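Student: Kindly generate the corresponding structure for this input.
(chains A, B, C and D)
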Protein chains: 2
Amino acid sequence: MFIFAENSAMLDKSHKYVSCETCQVRKDSLFSSFCTEEVHQLDENKVCSFYRKNQPLFVEGTFSRGVYCINDGKVKIFTIGESGKEQIIHIAKEGDVVGFKAMFSDDPYKLSATTLEESNICFIKKEDFLSHLESNPGLLQTVLKELSKELGERAVFIKNMAQKSVRERLATILLILDGVYKDEMINLSREDLANFVGTATETIIRLLKEFKEEQLIEIHVRKIEILDRKKLLREAGS
Amino acid sequence: MFIFAENSAMLDKSHKYVSCETCQVRKDSLFSSFCTEEVHQLDENKVCSFYRKNQPLFVEGTFSRGVYCINDGKVKIFTIGESGKEQIIHIAKEGDVVGFKAMFSDDPYKLSATTLEESNICFIKKEDFLSHLESNPGLLQTVLKELSKELGERAVFIKNMAQKSVRERLATILLILDGVYKDEMINLSREDLANFVGTATETIIRLLKEFKEEQLIEIHVRKIEILDRKKLLREAGS
DNA sequence: CTGAAAAACTGATAAAAATCATGTTTTTTG
DNA sequence: CAAAAAACATGATTTTTATCAGTTTTTCAG
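Tutor: Below you'll find the model as predicted:
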C-alpha cells in the first residue's frame, strides 16, 4: 500500500511539496541572489500549482497578473500567426521564471505560455514581484541582464530564420533543445518542432530521418536522442 | 556669398549646434522625463558628433562604452551571418537611443550599428548613463518598458520570418519604414531592404516592380513613396 | 564633365521547401 | 480492451524563392 502511494507520488507531481527555501532550482533562477528573509517572503506569498500537459499559463492578449516560476517541467512560449499556426519563440525549463517581461509595460501579453509536460509551477503576484524588484537592486540587475540576453537571442533567432536553410535551423534547434532537456531525451511532437524551426511538419519528419541515417541522432518512437553534438553543430552552420 | 554659406550649412549637418535643452527630439526619447537639472547634466557630459553615411557607431564583438542618442539621421542595427550577409534587425531614427541594451550584461555587442545617411549623434558615457539610471526611477521605468517593447517586436519579427511569404514581409517592412521615414520618402538601397526582409536583392527588385504596377507604391529612382497604406497593410497579411 | 564603379534591373534556370493525398503507427479514452 | 483520434510517415507535385549571368542606369571621384 505504502509502496504504491510512494510510486504514485513520484509520478504524480501534484503531491510534491515545494518550499522556496529548499527549492533546488532557485539557485540558478532570477531569485538566486535572495537572502533568507527574502526567500521566506517569497515562500509565504507564492502559490504553487500542478499543471497537466498542455495547460496554458497565460494567453496572448490578456493582462499580466504575476510571474511563473517553473519548479519542474517544460513550458513553450509562442505566438499564434494569422493562419492559426504557432511560432515557438522559446522553451522554458526548471528554474526559469516566465512572464515577467509583460509586467513592465501596461500592454497585454504578446506571447502565450503552455506546459509541454506535467509541471510544478509557482505563481508570484505582480505586486509582490515588483516590490521585491524595488527593494532588491541585485534582482533588478539580474532582470536587466536577462532582458538584454533574450534580446540578443532573438536577434540571432531572426538571423537564423532569414539566412539558414531548414536543415541548418533544425540542427540549431536540436542543439538548443539538447540544453533544455539536458540528460533526458528531447520529447517534443513533430508539430511543435516544426513550429519552433519554422517549417512544415512533413519537412521535419524527413529531415529527422536524414539525421538518423547520418547517425547524428537516434529516434526512440518520438523521443530524440542526440548522438553526435559535434557533427550536429557543423550541420547547424555556425 | 552668404546665401551659399547658408545653403551649405543646411545640407551639412556637421555645423549644427545641438543642446539637450533645446533638442526637439529629446521630448519623445528615453530622456523625456528628465528635469532641468538632469538635462543640464546630460548636456555637460555628452559628446555630439557628425557622422557621414555608412559610418559605424559600434561593431558586434566589441564592448560598450556608452549609448548613442540620435539627434538627426537614421541608423541600421544589424548582425552579420556566416556568409557575410547582414540581417537588419531594426532601423533607428531621430530621438532613438541606441546601444543601451548591451550595457546591462558584461558581454560584447551582439549587433552592429551603422548610419544610413548623414547624421548628428550624441554619445553619453556608460558611467554617466548608469548614474542617471540609478538616480532616476523614471528613466529605469522607461528603459524596462523599452526593453519589454523590443522583445515583443522581435517575437513578431520571428513569427513573420517563419510564417509569411517574402511578398507579405516586404509589405510589412515597407509599412515599418513608412513610420521611420515619416514625411520623407523611404531611402534604402535594395540590398539593405533585402537584408531587412530576409531575402535576395533580385527578389526585392521584382516585388517592388509588382507593387508599383499595382499602384501600392511609386519609385523615384531609388526612393520609395507609399501610395496606398491600406492595400499595403492587406498585402502584409495582418 | 567624364569614365569607372556601384547599384539597379532582367531573364533563365535550379533548388528548396510547401502542399496535397494517403497510409501507418501510436496514444488516448470510453 | 477496442475503437477513435492523434501523431507520424511517405510519395508525388507545385510553388516559391535563390542563384547565376548578364544589361542598363545611377553615382561619384578626379
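Student: Which SSE is immediately downstream of the longest helix seen in chain A?
Tutor: Longest helix of chain A, by residue count under DSSP state H: helix A:137-163. Beyond helix A:137-163 on the C-terminal side, the first helix or strand identified by DSSP states H and E is helix A:166-181.
Student: could you say what helices and strands the helix or strand following that next one packs with?
Tutor: Moving toward the C-terminus from helix A:166-181, the first helix or strand encountered (DSSP H and E) is helix A:190-197. Contacts defined by 3 or more C-beta pairs under 8 Å, 6 or more residues apart in numbering or on different chains; DSSP states H and E place helix A:190-197 against strand A:86-92, helix A:166-181, helix A:201-213. Just so you know, the C-beta spots here come from the backbone N, C-alpha and C atoms, and that holds for glycine as well.
Student: mind checking the backbone torsions on A:Gly73?
Tutor: The phi and psi values for A:Gly73, taken as degrees, to the nearest 10, are phi 120, psi -180.
Student: Just checking stretch A:205-223 against DNA strand D, any contact.
Tutor: Yes - applying C-beta under 7 Å from any atom of the strand, one finds stretch A:205-223 touching DNA strand D at A:205-206, A:208-209, A:219, A:222.
Student: Farthest pair within those residues?
Tutor: A:Arg206 and A:Arg222 (15.8 Å; C-beta to C-beta).
Student: avg pLDDT for stretch A:20-35?
Tutor: Average pLDDT, stretch A:20-35: 92.
Student: rewinding a little: is it possible to get JSON lines of the helices and strands packed on helix A:190-197 that adds mean neighbour count, distance to DNA strand C and mean pLDDT?
Tutor: Shown next, in JSON lines, are the helices and strands packed on helix A:190-197 (neighbours: other C-beta atoms under 10 Å in any protein chain shown; distance: least, C-beta to the nearest atom of the strand, whole Å; pLDDT from 0 to 100):
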{"stretch": "strand A:86-92", "mean neighbour count": "22", "distance to DNA strand C": "12", "mean pLDDT": "98"}
{"stretch": "helix A:166-181", "mean neighbour count": "19", "distance to DNA strand C": "4", "mean pLDDT": "98"}
{"stretch": "helix A:201-213", "mean neighbour count": "15", "distance to DNA strand C": "3", "mean pLDDT": "98"}
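Student: Walk me through the domains of chain A.
Tutor: A:2-143, A:164-235 (automatic domain parsing).
Student: Lowest average pLDDT across the ones you listed?
Tutor: Least confident of the domains of chain A, judged by mean pLDDT, is domain A:2-143 with a mean of 89.
Student: Run the chain-centre distance for that one.
Tutor: When distances are taken as C-alpha atoms, centre = their mean, to the nearest Å, domain A:2-143 is centred 10 Å away from the chain's centroid.
Student: thinking again about what came up before, can I get the domains of chain A in a markdown table with distance to B:Ile158?
Tutor: As requested, the domains of chain A are arranged in a markdown table below (distance: least, C-beta to C-beta, whole Å):
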| stretch | distance to B:Ile158 |
| --- | --- |
| domain A:2-143 | 6 |
| domain A:164-235 | 8 |
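Student: quick one, which of those is nearest to B:Phe129?
Tutor: For B:Phe129, the closest of these is domain A:2-143, at 15.0 Å, according to C-beta to C-beta.
Student: The closest one close to chain B?
Tutor: Yes - residues of domain A:2-143 contacting chain B under C-beta under 8 Å from any C-beta of the partner chain: A:79, A:81-83, A:85, A:87, A:89, A:101-105, A:107, A:110-111, A:140-141, A:143.
Student: Quick one: buried ones out of these?
Tutor: Neighbour counting by 16 or more other C-beta atoms under 10 Å in any protein chain shown classes A:79, A:81, A:85, A:87, A:89, A:101-105, A:110-111, A:140, A:143 among the residues of domain A:2-143 next to chain B as buried.
Student: from the residues you listed, which is closest to DNA strand C?
Tutor: Among these, A:Lys85 lies closest to DNA strand C (C-beta to the nearest atom of the strand), at 8.6 Å.
Student: what sits against the closest one?
Tutor: If you count contacts by C-beta atoms under 8 Å, 6 or more residues apart in numbering or on different chains, A:Lys85 has them with A:195, B:163.
Student: repeat for the one 5 residues further on
Tutor: With contact set as C-beta under 8 Å, 6+ apart, A:His90 has these partners: A:76-77, A:150, A:153.
Student: Export those to TSV and append columns for neighbour count.
Tutor: As requested, those are exported to TSV (neighbours: other C-beta atoms under 10 Å in any protein chain shown):
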residue	neighbour count
A:Lys76	21
A:Ile77	20
A:Glu150	20
A:Glu153	16
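Student: between those, which is nearest chain B?
Tutor: Distance to chain B, by C-beta to the nearest C-beta, is smallest for A:Glu150 among the contacts of A:His90, at 6.1 Å.
Student: Let me see the contact set for the nearest residue to that closest one once chain neighbours are set aside.
Tutor: In this structure, A:Glu150 finds its nearest non-sequential neighbour in B:Leu151, 6.1 Å apart by C-beta to C-beta, 6 or more residues apart in numbering or on different chains. The neighbours of B:Leu151, taking C-beta under 8 Å, 6+ apart as the test, are A:101, A:147, A:150-151, A:154.
Student: Then A:Thr79?
Tutor: Contacts of A:Thr79 by C-beta under 8 Å, 6+ apart are A:60, A:86-87, A:89, A:110-112, B:155-156, B:159.
Student: Show me what the helix or strand containing A:Glu38 packs onto, helices and strands only.
Tutor: Assessed by DSSP H and E, A:Glu38 sits inside helix A:36-45. When contacts are defined as 3+ C-beta pairs under 8 Å, 6+ apart, helix A:36-45 packs onto strand A:119-125, helix A:126-135.
Student: from these, which stretch is densest packed?
Tutor: Highest mean neighbour count of the helices and strands packed on helix A:36-45: strand A:119-125, a mean of 21 (counted as mean count of other C-beta atoms under 10 Å in any protein chain shown).
Student: Just to check, A:Val197 is in contact with A:Arg167?
Tutor: No - applying C-beta atoms under 8 Å as the test, A:Val197 and A:Arg167 come out as separate, 9.6 Å apart.
Student: gap between A:Phe63 and A:Met103?
Tutor: According to C-beta to C-beta, to the nearest Å, A:Phe63 and A:Met103 sit 10 Å apart.
Student: ok, and the closest non-adjacent residue to the residue most central in space within chain A?
Tutor: By C-alpha atoms, centre = their mean, the mean C-alpha position of chain A lies nearest to A:Ala92, the distance being 1.0 Å. Leaving aside its sequence neighbours, A:Ala92 sits nearest to A:Val75 (C-beta to C-beta, 6+ apart; 4.5 Å).
Student: Now do the phi/psi pair for that neighbour.
Tutor: Torsion angles, degrees, to the nearest 10, at A:Val75: phi -130, psi 130.
Student: Okay, and the beta partners of it?
Tutor: Beta-bridge partners recorded for A:Val75 (DSSP bridges): A:Ala92, A:Thr115.
Student: ok, how many other residues are close to it?
Tutor: 25 (other C-beta atoms under 10 Å in any protein chain shown).
Student: Give the next helix or strand downstream of the one helix or strand A:Leu57 maps to.
Tutor: Applying DSSP H and E as the criterion places A:Leu57 in strand A:56-58. From strand A:56-58 onward toward the C-terminus, using DSSP H and E, the following helix or strand is strand A:66-72.
Student: so what does that next one touch, helix or strand wise?
Tutor: Using 3+ C-beta pairs under 8 Å, 6+ apart, the elements in contact with strand A:66-72 are strand A:97-98, strand A:119-125, helix A:126-135.
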